[in-house]
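Chemist: sequence and predicted structure, then a few things I'm wondering about:
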Amino acid sequence: MSTEEPSLIMLLISFGLLILASAYFSSSETAMMSLNRYRLKHLARNKHAGASRANKLLETPDKLIGVILIGNNFVNFLAAAIATTIAIQIFGEPAPLITAVVLTLTVLIFAEVTPKTIAALYPEKIAYPSSLLLILLLKVLYPVVWMVNVVSNALVRVLGFNSVSDDSHQQLSAEELRTVVYESGERLPRRRQGMLLNILDLEHVTVNDILVPRNDIVGIDIEDDIDEILSLIGSSQHTRLPVYKKDINNLVGMLHLRSVGKLIRVETVNKAVILGETVEPYYIPESTPLHIQLSNFQRKKLRMAVVVDEYGAIKGLVTLEDILEEIVGEFTTDLADSSKDFHAQEDGSYLIDGSTSIRDINRILSWNLDNTGAKTLNGLLTEMLQSIPDSSVGIKLDGYYAETVQIQGNVIRTVKMWQAKKAQDEE
């Protein structure tokens, strides 16, 4: 008894240590593969020791997995042999079934499920300290790891797969990056989150979606009386004004009001002097995506462009500020209250200018009007009616109600709109 008991105790201790070693390898594998690669690279660039070690190991994942599996399988097989010896000493004869059941439950609970669950929940706490021993084992077992990898990579190629690591799957697409921003939650302020999402949306939006329509362009008709021109310049709310002859399509140039300051020294300000201060217009097609136009503005050192359609006719203007507002929002505190195009009513409805773009309505009121076709509210309603109404008309949209309030000429000037849900609640 005195000789068997110490032997059995030593076997039990050895078995327990092997289970702990198996738990270490299992948790290390899960923790390494569960690390956030972008956070890992950020910490590594900031000289975090644990992150630097883990990042170095993950640069060669085949070697990392090789050393982990070699260690894990070795201790598991050795634990199985010791468990069989313990079973023989306890039951007096070989008991393979009992050994297999007990060993399976023990390994599953203590060496697989529990450590892997902890590692998946706290990968950094497990991976960074584990990387110390893994780097040491990789150096010691490198010949064995190299041999195993050579054989396994050859089998991979025989099966028709590429054994060379491809990092392209680690690169995020725009939609995946959008999901990352959404999932950032409370770690990122809502305003910054919105700005990042707006930047990602720039490639899906064209200048046609945000331009100032030609009917709303404030410009100088050089054929007007000089006093009218000077009055317009003096009262203008814009820093740049297009100069044209009779019609906006006969565009002469763009006048920067900063240049008008030079005219103060001129005794007689005439049209020729004004025309001399204009610069050549910068034309762009209506299909230009916003992210490209933003780069073009920066490259050309310009702030305003004239948007033309496929026939060369002027559709409107777009400015650098318009694109920046797509990213950061309107430069006001309360959009619905401050916008001249929106007037909130006591019943929860809004009086909206017909020339307002549908994108602005959706952004300011958090609505979801269809903007795949018409770009303005007037265009949307006339497209649905297929005619210009002569009097007040009620229109039911998808989830919204619209009522024409003012019609001037061939344009719906004012529209009363509200959400259909509110109308149902009132009923």
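Modeler: Structure received.
Chemist: ok, how many other residues are close to residue 151?
Modeler: Each residue near residue 151 was counted by other Cβ atoms under 10 Å, and the total is 10. In short, each C-beta sits where N, CA and C put it, glycine included.
Chemist: now it: which helix or strand?
Modeler: Secondary structure from DSSP states H and E places residue 151 in helix 142-158.
Chemist: again with residue 196
Modeler: Here residue 196 is assigned to helix 190-201, by DSSP H and E.
Chemist: just the residues contacting that helix, thanks.
Modeler: Helix 190-201 is contacted from outside by 174, 177-178, 181-182, 184, 188, 291, 326-329, using Cβ atoms under 8 Å, 6 or more residues apart in numbering.
Chemist: lowest-confidence helix or strand of the protein?
Modeler: Counting by mean pLDDT, DSSP states H and E, the weakest-scoring helix or strand in the chain turns out to be helix 335-338, with a mean of 45.
Chemist: give the next helix or strand downstream of that one.
Modeler: strand 342-344.
Chemist: what residues sit buried inside that next one?
Modeler: residue 342 (16 or more other Cβ atoms under 10 Å).
Chemist: average pLDDT across that strand?
Modeler: For strand 342-344, mean pLDDT is 85.
Chemist: how close does residue 308 get to residue 174?
Modeler: Relative to residue 174, residue 308 is positioned 28 Å away (Cβ to Cβ, to the nearest Å).
Chemist: any weak-confidence spans in this structure?
Modeler: 1-6, 91-96, 163-170, 185-186, 264-267, 330-340, 421-427 (pLDDT under 70).
Chemist: which residues of it fall in strands?
Modeler: 212-213, 220-221, 240-245, 247-256, 283-285, 304-308, 314-319, 342-344, 350-353, 394-396, 400-408, 411-419 (DSSP state E).
Chemist: neighbouring strands for the second one, and are they parallel or not?
Modeler: Right, the one you point to is strand 220-221. In the sheet, strand 220-221 lines up against strand 240-245 (parallel) (DSSP bridges).
Chemist: please apply the same query to the last one.
Modeler: Next to strand 411-419 in the sheet, as set by DSSP bridges, lie strand 350-353 (antiparallel), strand 400-408 (antiparallel).
Chemist: may I see the buried residues of the shortest one?
Modeler: For strand 350-353, a neighbour-count test (16+ other Cβ under 10 Å) marks 350-353 as buried.
Chemist: for residue 220, what are its contacts?
Modeler: 229, 232-233, 241-244, 255, 274.
Chemist: what separation do you get for it and residue 228?
Modeler: Distance from residue 220 to residue 228, by Cβ to Cβ: 9 Å.
Chemist: got it, and residue 308?
Modeler: Distance from residue 308 to residue 228, by Cβ to Cβ: 27 Å.
Chemist: over to residue 261?
Modeler: Counting by Cβ to Cβ, the gap from residue 261 to residue 228 is 20 Å.
Chemist: once you drop chain neighbours, what's closest to the spatially most central residue of the chain?
Modeler: Centrality entry for the chain: nearest residue to the mean C-alpha point is residue 178, 2.6 Å, by Cα atoms, centre = their mean. Spatial nearest neighbour of residue 178, excluding adjacent residues (Cβ to Cβ, 6 or more residues apart in numbering): residue 200 at 5.4 Å.
Chemist: what about that neighbour, neighbour count?
Modeler: Neighbours of residue 200 (other Cβ under 10 Å): 14.
Chemist: ok, residue 50 next?
Modeler: Neighbours around residue 50, by other Cβ under 10 Å: 18.
Chemist: tell me who's in contact with the residue nearest to it when sequence neighbours are not counted.
Modeler: Nearest non-adjacent residue to residue 50, counting by Cβ to Cβ, 6+ apart: residue 128, 2.7 Å away. Residues near residue 128 by Cβ under 8 Å, 6+ apart: 49-51, 53-54.
Chemist: so can I have TSV of those residues showing distance to residue 404?
Modeler: What follows is the contacts of residue 128, written out as TSV (distance: Cβ to Cβ, whole Å):
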residue	distance to residue 404
49	69
50	66
51	62
53	69
54	64
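Chemist: show me which of the residues you listed are buried.
Modeler: Buried among the contacts of residue 128 (16+ other Cβ under 10 Å): 50-51, 53-54.
Chemist: show me those residues that map onto helices.
Modeler: 50-51, 53-54 (DSSP state H).
Chemist: out of these, who's nearest residue 287?
Modeler: Nearest to residue 287 among these is residue 51, at 44.8 Å by Cβ to Cβ.
Chemist: what count of nearby residues applies to the closest residue to the closest one other than its chain neighbours?
Modeler: Counting by Cβ to Cβ, 6+ apart, residue 51 lies nearest to residue 43, which is 3.6 Å off, once chain neighbours are set aside. Other residues lying near residue 43 total 20 when counted by other Cβ under 10 Å.
Chemist: domain parsing for the chain?
Modeler: According to automatic domain parsing, the chain comprises the domains 4-166, 205-328, 335-426.
Chemist: could these go into TSV alongside distance to residue 194?
Modeler: Formatted as TSV, the domains of the chain follow (distance: least, Cβ to Cβ, whole Å):
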stretch	distance to residue 194
domain 4-166	21
domain 205-328	9
domain 335-426	10
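Chemist: neighbour count: residue 308 and residue 174, which is higher?
Modeler: Shown here are residue 308 and residue 174; by other Cβ under 10 Å, residue 308 has more neighbours (18 against 11).
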